[in-house]
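K.L.:
turn this into a model:
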Amino acid sequence: MIEVSAPGKLYIAGEYAVVEPGHPAIIVAIDQFINVSIEAAKKSGSIQSAQYSDLPIRWTRRNNELVLDIRDNPFHYILAAIHFTERYAQEKGKALAFFNLKVTSELDNSNGRKYGLGSSGAVTVATVKALNAFYDLQLSQLELFKLATLAHLNVQGNGSCGDIAASCYGGWLAFSTFDHDWLLEKLEQESLSTIIESDWPSLRIEPLKAPEDLRLLIGWTGSPASTSDLVDQVHQSREEKAVAYEQFLADSKACVDQMIEGFKHENVAEIQAMIRKNRELLNQLTTFSNVSIETQQLKVLNDLAEKYSGAAKSSGAGGGDCGIVIVDKKAGILPLMSSWEKAGITPLPLHVYHFTEEINES
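P.N.:
From the prediction side, this is the model:
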């Protein structure tokens, strides 16, 4: 049996602007995981995920294509990851085989409610990682990112795929998305292998080292949000408010570029200043797009953090889910944790995750 995992993620800065090529974001991998196990099977295979049902969904193969024996299929990201990875494997001369694949998730709470930690990206990455080992494809981190990205975009249709990068690389990352139009055009013209081996225009994945004195705190509002819907809403407003949107993009790029310099110079105060600036920019985006990014609970979360010397903002698309706080390690955090809990905000005991292990086989 092969067992792999992929971490969840949190956006630290650069949300919404990051969907445009060349506009950076800072993302961090966190120590909660999607775990995938895979083992060889005969005549038929199965896919099992407790996120949807404890019962496996049975499948077989017709003309080298995986076919489910039920009509309604909740496993979109897993199936897309299998489809693209097996297509790549065939191009590399690998014979397709049956397997049993099982998924477990730590990215939801005990009631199955999502924390907004990038479960769709993590399950896509973990599935590709498992098949990479199963078919011995020997994918690099970048090739893993590209295959998982193709699968994820096939289902979601929008987004920057920064969550895919975090799940592939771990740690702190500076990330800028690629030219999506270029990729869609190449998909119609080139083999998968050629696309994976190509340089993707504007793509940037740069590991960052956090300052020794930096501490990341995470609070959950208890209200889940749909990233895809919120991104779609902002996209609808960008044509109507083109001048304001272009200014937002320019300001976000300048802010995140300066924050990246703060990481490189190990300057916690500069990082905090840019967190506050990014919060301000996202609130400006709300003003002209009418998309609610910083909800009332996120505002409470952020304002309480500021009261206790933290720099805080919503994480990701906002609209609920999590807020992040950057504090100096020398600052006490217990008063903030207590004030969050009194306000109905759940402190999440999460930490930055750096890859130290690879695939386990048994």
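
K.L.:
C-alpha from now on. contacts and neighbour counts both.
P.N.:
Noted.

K.L.:
how about the longest strand along the chain: buried residues?
P.N.:
For the chain, the strand with the greatest residue count under DSSP state E is strand 25-41. Using 16 or more other Cα atoms under 10 Å as the test for burial, strand 25-41 gives 25-39.

K.L.:
roughly how far is the helix or strand just after it from the heart of the chain?
P.N.:
Next along the chain after strand 25-41, taking DSSP states H and E as the criterion, comes strand 45-49. Its chain's C-alpha centre and that of strand 45-49 lie 23 Å apart, by Cα atoms, centre = their mean, to the nearest Å.

K.L.:
please parse the protein into its domains.
P.N.:
2-208, 214-348 (the TED database).

K.L.:
save those domains as a markdown table, and put in mean pLDDT and distance to F355 too.
P.N.:
As requested, the domains of the chain are arranged in a markdown table below (pLDDT from 0 to 100; distance: least, Cα to Cα, whole Å):
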| stretch | mean pLDDT | distance to F355 |
| --- | --- | --- |
| domain 2-208 | 89 | 6 |
| domain 214-348 | 91 | 18 |
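
K.L.:
which one of those domains lies closest to T356?
P.N.:
domain 2-208 (9.6 Å; Cα to Cα).

K.L.:
what about that closest one, distance to the chain center?
P.N.:
10 Å.

K.L.:
how long is it end to end?
P.N.:
30 Å (Cα to Cα, to the nearest Å).

K.L.:
ok, residues contacting stretch 19-28?
P.N.:
9-15, 17-18, 158-160, 162-163, 166, 170-180, 202-204, 249, 252-253, 256-257, 260, 352-353 (Cα atoms under 8 Å, 6 or more residues apart in numbering).

K.L.:
and the residue most central in space within the chain, helix, strand or coil?
P.N.:
Most central in the chain under Cα atoms, centre = their mean is D163, positioned 1.8 Å from the mean C-alpha point. In three-state terms, and counting by DSSP: H, G, I helix; E, B strand; the rest coil, D163 is helix.

K.L.:
now do the contacts for it.
P.N.:
G8, K9, L10, I27, G118, G121, A122.

K.L.:
in strands, which of those fall?
P.N.:
G8, K9, L10, I27.

K.L.:
what's the distance between the last one and L10?
P.N.:
Spelled out, it's I27. On the measure of Cα to Cα, I27 and L10 end up 6 Å apart.

K.L.:
and for P21?
P.N.:
20 Å.

K.L.:
higher neighbour count, those two?
P.N.:
L10 (24 against 17; other Cα atoms under 10 Å).

K.L.:
mind listing what's buried along whichever helix or strand S339 is part of?
P.N.:
Assessed by DSSP H and E, S339 sits inside helix 334-342. The neighbour-count check on helix 334-342 (16+ other Cα under 10 Å) flags L336, M337, S339, W340 as buried.

K.L.:
quick one: contacts for the third one?
P.N.:
Spelled out, that is S339. Going by Cα under 8 Å, 6+ apart, S339 touches L304.

K.L.:
show me the helices in the protein, by range?
P.N.:
76-91, 119-134, 141-156, 162-169, 180-189, 192-197, 227-240, 242-264, 268-289, 296-307, 334-342 (DSSP state H).

K.L.:
deepest of those, which one?
P.N.:
helix 162-169 (a mean of 30; mean count of other Cα atoms under 10 Å).

K.L.:
so that one versus strand 25-41, what angle?
P.N.:
Here helix 162-169 points in a direction 60 degrees away from that of strand 25-41 (axes from the mean of the first three to the mean of the last three Cα atoms, to 10 degrees).
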